[in-house]
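Asker: Dropping a prediction and its sequence here:
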Amino acid sequence: MFPSMSSFLFPTLVFLFLVLFAGLLIWTNKKRHQLSAHDQKQLQAGWQRALNNLSNNPKESVLEADKLLDRALTLKGFSGTLGEKLKKANAIFSSVNDVWRAHKLRNRIAHELDVNISQNEARQALNYFKKALQDLGLPL
């Protein structure tokens, strides 16, 4: 005997519903984590401030760039401290070691008394931050 048509129809409909639901979740997740035009403009303005500070105040320039990376990761849906976000976003970066180097320089500036950094050190860190921001989809 042949099983009734309804015994095939219900599981098929449930399967199709689950596939469509999963596809919708993936699509909305991708859309949600794109940087909006407004967010891009704000981040680009912050980047310009960091560059403008480089010659007068290299420390402030590195701190500003680090804050921008933190903000961009938050906008992309990552949570936690910047260190935690970097661990979660590890695969996104073309050179995660360089991102960590830049962030560690920021930590030295923020936590060590009387730390001095050269303009070249700050410039290198900004290059690392720039690449990381570009990896996140920010046109710089």
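Answerer: Structure's in. What do you need? Just so you know, these numbers come straight off a predicted model, no measurement behind them.
Asker: Outline the domain layout of this structure.
Answerer: Domain ranges of the chain: 1-32, 37-135, per automatic domain parsing.
Asker: now, of these, which is deepest in the fold?
Answerer: domain 37-135 (a mean of 16; mean count of other C-beta atoms under 10 Å). (C-beta placed from N, C-alpha, C; glycine too.)
Asker: so where is this structure shaky, pLDDT-wise?
Answerer: 1-8, 10-32 (pLDDT under 70).
Asker: Okay, helices next: where are they in it?
Answerer: 5-32, 37-53, 58-75, 82-88, 96-111, 119-135 (DSSP state H).
Asker: Just want the most central residue of the protein.
Answerer: Geometric centre of the chain, nearest residue: residue 73, 3.1 Å, by C-alpha atoms, centre = their mean.
Asker: quick one: that residue and residue 93, what's the gap?
Answerer: Note on residue 73: its distance to residue 93, by C-beta to C-beta, to the nearest Å, is 10 Å.
Asker: ok, now residue 71?
Answerer: For residue 71, the distance to residue 93 - C-beta to C-beta - is 16 Å.
Asker: got it, and residue 86?
Answerer: Taking C-beta to C-beta as the measure, residue 86 falls 8 Å from residue 93.
Asker: list the residues that contact both of the two?
Answerer: residue 99 (C-beta atoms under 8 Å, 6 or more residues apart in numbering).
Asker: Name all residues that make contact with residue 73.
Answerer: 82, 85, 86, 89, 136.
Asker: Same check on residue 88?
Answerer: Counting by C-beta under 8 Å, 6+ apart, residue 88 has contacts 78, 80.
Asker: hmm, 10 Å instead?
Answerer: Neighbour list for residue 88: 73, 76, 77, 78, 79, 80 [criterion: C-beta atoms under 10 Å, 6 or more residues apart in numbering].
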